[in-house]
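K.L.:
Quick one, fold the following:
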Amino acid sequence: MKDRALRTAYIALNAFCYLMMIGVLIFVVLTAEALEEINRLSIWVIALLSLLFVSVLGSIQIVTWIKEGKL
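P.N.:
Model (predicted):
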């Protein structure tokens, strides 16, 4: 039962990270012009790419753990 709960927690957190990335993407797309005017668009794009990187690495790590039987 412990492994199942742990697996569920990791997958739920990873899914939340993807949802957060989608939310930030929508925000950046909708406010791109205003962010460009105040020179903050590059910061938001870097944050968005960072969220994507963390999400993909988390997914890869979870798949690796499941294949190795650690999770």
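
K.L.:
Excluding residues flanking it in the chain, which one is nearest residue 65?
P.N.:
Spatial nearest neighbour of residue 65, chain neighbours left out: residue 71 (3.8 Å); criterion: CB to CB, 6 or more residues apart in numbering. Any C-beta I mention is one placed from the backbone N, CA and C, and that applies to glycine too.

K.L.:
give the contact list for the one you found.
P.N.:
Contact analysis of residue 71 by CB atoms under 8 Å, 6 or more residues apart in numbering lists 3, 6, 7, 10, 62, 65.

K.L.:
ditto for residue 17
P.N.:
51, 54, 55, 58.

K.L.:
Could you do residue 27 as well?
P.N.:
Shown in contact with residue 27 (CB under 8 Å, 6+ apart): residue 44.

K.L.:
Distance from the chain centre to the helix or strand it falls within, please.
P.N.:
Using DSSP states H and E, residue 27 maps to helix 2-30. Computed by CA atoms, centre = their mean, to the nearest Å, the chain-centroid distance of helix 2-30 equals 6 Å.

K.L.:
Pull out the buried positions in it.
P.N.:
10, 14, 17, 18, 21, 24, 28 (16 or more other CB atoms under 10 Å).

K.L.:
With that, I have no additional questions.
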